[in-house]
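>>> need a 3D model of the following:
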Amino acid sequence: MAAKDPLVITDKDEMRRWSRAMRCQGKVIGLVPTMGYLHQGHISLVEKARGLSDVVVVSIYVNPGQFAPTEDLATYPSDFQGDLLKLKSIPGGVDAVFHPLNLYDYGAEGSKCEADPNSTNESGAGNAVSCLEAKGFGHETWVRVEKLEKGMCGKSRPVFFRGVSTVVTKLFNIVEPDIALFGKKDYQQWRIIKRMVRDLDFSIQVIGSEIVRENDGLAMSSRNVHLSSEERQRVLSIVSKTFSLPCHCFVHCIL
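The predicted model follows:
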C-alpha cells in the first residue's frame, strides 16, 4: 500500500467542517491528541485508533495553558515535518492532522487582557498562572476535575491538569470525534479525561492504551530527549523502587 499523506488542517472551522463531512458519510472518527515530537508510544495510539475507527485525526499542538511560566514551554521539543513522516509510515496512514497555530486566538476581543500581577505559581488555590495567562491572551474559562487533579503530578504542577482538561475540551468541540485515544503512561491525565467526559456528557469513548517503554524501562516521552544520563538513571532508580506507578509521573514531578 502506498504511503498516505495526511491532510494538514490549521483552521478550527475547517477542522470542524471536515469532521462533520466525514460524519455525514457515516464514518467513525478517531482522535489522538498529542503535543508532537512523536515517538513509538504515540504511534501505538494511532495504530489502535486506526483499528477502531474509519478515519483518524492526530492533533499536534503544544498547549500553553498547561505550562507555568517557570516550566519548559519554550524548549518543548518539536519536529513537525518529522512527525508527518512518522504518521505517513503507519499502515493505513492518518487521514487528517490538526495543527493549529493558536487555539486561544480570539482576535481583538481577547487581545487586551493582561495577567493578574498579583497572581503566583504557588500550589494551592486559584492564583496559579499558566503561560497562557502570563502572555495576556484573554482566555478565562477553565475546565477542572477538582478531586482527581490533586496529588501526584497535580501537587507540583498546579496549572497542569486544568490546562489539559480545557484544551482537550476545545479539541473535542472542534474535532467532534467518536473515540479518543490516550496513553496510560500519563495515568492521572487519562483518569481525569475519562471523568471529565463522563461528568460533562461528552458523546465520546475515551480509550486508554498501555505504556510503551524504552529498552531500559523508561516510559517513552517526548521530553526524554532533554534528560542527561544522570537524570535518566535517577528516574529509573526511583521507578524501580515504586514500579506500581507510571514512571512518566516522576519525569514531570522530580525534574
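>>> where do the strands sit along the stretch 101-250 of the chain?
179-183, 205-209 (DSSP state E, counting those that start in this stretch).
>>> please identify the most buried of those.
strand 179-183 (a mean of 24; mean count of other Cβ atoms under 10 Å). C-betas here are computed from N, CA, C, even on glycine.
>>> surely Ser44 and Ser209 touch.
Yes - using Cβ atoms under 8 Å, Ser44 is in contact with Ser209, at 6.1 Å.
>>> what touches both of these two?
Gly183 (Cβ atoms under 8 Å, 6 or more residues apart in numbering).
>>> and Gly30, bridged to which residues?
Val56, Ile179 (DSSP bridges).
>>> what's the burial count for the nearest residue to Ala49 once chain neighbours are set aside?
For Ala49, ignoring the flanking residues on the chain, the nearest one in space by Cβ to Cβ, 6 or more residues apart in numbering is Gly30 at 3.7 Å. A total of 28 residues lie near Gly30 under the criterion other Cβ atoms under 10 Å.
>>> I'd like the numbering to begin with 25 instead of 1 from here.
Yep, numbering from 25; the last one is Gly54 now.
>>> for Gly54, report the pLDDT, please.
Note for Gly54: predicted pLDDT of 98.
>>> again, but for Met176
Value for Met176, per-residue pLDDT: 84.
>>> over to Val153?
86.
>>> so it touches Ala92, yeah?
Yes - counting by Cβ under 8 Å, Val153 does reach Ala92; the two are 6.9 Å apart.
>>> confirm Val121 sits in a helix?
No - looking at Val121 with DSSP: H, G, I helix; E, B strand; the rest coil, it is strand, so not inside a helix.
>>> surely it and Val32 touch.
Yes - Val121 is in contact with Val32 according to Cβ under 8 Å; the separation is 5.0 Å.
>>> list residues touching both of those two?
Each of Leu108 lies in contact with both Val121 and Val32 under the rule Cβ under 8 Å, 6+ apart.
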